[in-house]
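Student: I'd like to go over a predicted model; first the sequence, then the structure.
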Amino acid sequence: MNELKEKIDWLKRKKLTGVSFFMTAGYPDMETFSDTVRELDRCNLADFLELGIPFSDPLADGPVIQNSSREAIRQGASLGKIFKAVRDIKKDVSIPIVLMSYLNPLACDGKLRNNLKSASDSGFSAIIIPELPAGECEETEKEIKKSGLGHIFLAAPSTPDKRIEEISSKSSPFLYYVSSYGVTGTRSRLGGGLAAKLKHVRELSRVPVYCGFGISSATQAASLKKSLDGIIVGSAFIEKLKKKNFKAPLKFAISINKSLGRM
């Protein structure tokens, strides 16, 4: 986890808004996926990346990510192949990588401990398991800690202040704040009062606050700049990968970085 924590801490010290993009591992194909990660790192367009394990029965994913998962699975993306791809990518890049996975792919056949170790050995820095709230599955939390991975938890607009404090005390190296109710997906408008809510959450949290779910444009990113520590863009970025090259995603990533005063 050290490289991710060091990056988050460095951004905080420099008073820079962090930028991350979510990608479905293996989409639109393993080669384009791997090339895009390398280009994002080469061009210094992301502070870390969040890679999602394709899964057939998602809890929090909207249509764009569901479709990308379906296509990645159709092309043969598996946990083992993804670990190998990340291991190969990490030979060339320094960018920290976060694993986002539902519990089922990790715990299938009783292999949770082995898969967490493989994730750590492959070069992942931290993990997000969206259907496991903080404190609700202590055995899994212990296994994640043993693996050396950071454990990032989610908070939402409905999360009470006291619970936010509790979640942030367990979340490392940052707290992931969900911008709106419902699933992931591009949104033409973010929820009213989001900036003020984020400022409040930031005051409560014991760790930096990053926000995702619905951030779809440079304008939206800029509107939140002063209210949080960083943003995570998913569906809007994945849509740019449909042409199976990294030019459109990089152009979009540049626009996000410019909106935050990073370029």
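Tutor: It's in.
Student: show the pLDDT at the residue positioned nearest the centre of the chain.
Tutor: Closest to where the C-alpha atoms of the chain average out (C-alpha atoms, centre = their mean) is Glu50, at 3.3 Å. Glu50 is assigned 97 on the pLDDT scale.
Student: try Gly185
Tutor: Gly185 is given a pLDDT of 44.
Student: repeat that for Ser180.
Tutor: So Ser180 comes in at 68 (pLDDT).
Student: for the one 10 residues further on, same thing?
Tutor: Each residue has a pLDDT score; the one for Leu190 is 62.
Student: and Ser122, how far is that from Ser223?
Tutor: 36 Å (C-beta to C-beta, to the nearest Å). Placement of C-beta: from N, CA and C, glycine included.
Student: who has more neighbours out of these two?
Tutor: Applying other C-beta atoms under 10 Å to Ser122 and Ser223 shows that Ser122 carries more neighbours, namely 19 against 15.
Student: contacting residues for that one?
Tutor: Residues in contact with Ser122 (C-beta atoms under 8 Å, 6 or more residues apart in numbering) are Phe83, Lys84, Val86, Arg87, Lys90.
Student: just the ones in helices from those, please.
Tutor: Phe83, Lys84, Val86, Arg87 (DSSP state H).
Student: can you map out the helices along this protein?
Tutor: Counting by DSSP H, the helices of the chain are 2-14, 30-42, 63-74, 79-89, 103-107, 112-122, 138-147, 161-170, 194-204, 218-224, 235-239, 247-259.
Student: which other residues reach the second one?
Tutor: Read it as helix 30-42. Contacts for helix 30-42 (C-beta under 8 Å, 6+ apart): 21, 23-27, 46, 49, 75, 77, 81, 85, 88-89, 92-95, 97, 241, 244-246, 249-250, 253.
Student: got the angle between it and helix 63-74?
Tutor: Taking axes from the mean of the first three to the mean of the last three C-alpha atoms, to 10 degrees, one finds helix 30-42 and helix 63-74 inclined to each other by 120 degrees.
Student: for helix 30-42, give the mean pLDDT please.
Tutor: For helix 30-42, the per-residue pLDDT averages 95.
Student: export that helix to PDB, keeping only CA atoms.
Tutor: Output of helix 30-42 as PDB, limited to C-alpha atoms (Å, rounded to 0.1, in the frame of the first residue of the first chain):
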ATOM      1  CA  MET A  30      -6.500  -6.900 -22.800                       C
ATOM      2  CA  GLU A  31      -4.000  -5.200 -25.100                       C
ATOM      3  CA  THR A  32      -5.900  -1.900 -25.300                       C
ATOM      4  CA  PHE A  33      -6.500  -2.000 -21.600                       C
ATOM      5  CA  SER A  34      -2.800  -2.500 -20.800                       C
ATOM      6  CA  ASP A  35      -1.700   0.100 -23.400                       C
ATOM      7  CA  THR A  36      -4.100   2.700 -21.900                       C
ATOM      8  CA  VAL A  37      -2.700   2.200 -18.400                       C
ATOM      9  CA  ARG A  38       0.800   2.600 -19.700                       C
ATOM     10  CA  GLU A  39      -0.100   5.800 -21.600                       C
ATOM     11  CA  LEU A  40      -1.900   7.300 -18.600                       C
ATOM     12  CA  ASP A  41       1.200   6.800 -16.600                       C
ATOM     13  CA  ARG A  42       3.600   8.000 -19.300                       C
END
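Student: buried set for it?
Tutor: By 16 or more other C-beta atoms under 10 Å, the buried positions in helix 30-42 come out as Met30, Thr32, Phe33, Ser34, Thr36, Val37, Glu39, Leu40, Asp41.
Student: which one of those sits closest to Gly135?
Tutor: Set against Gly135, the nearest of the buried residues of helix 30-42 by C-beta to C-beta is Val37 (32.7 Å).
Student: and the pLDDT at the residue nearest to His151 when sequence neighbours are not counted?
Tutor: Among residues not flanking His151 along the chain, Ile144 sits closest, at 4.8 Å (C-beta to C-beta, 6 or more residues apart in numbering). What the model reports as pLDDT for Ile144 is 97.
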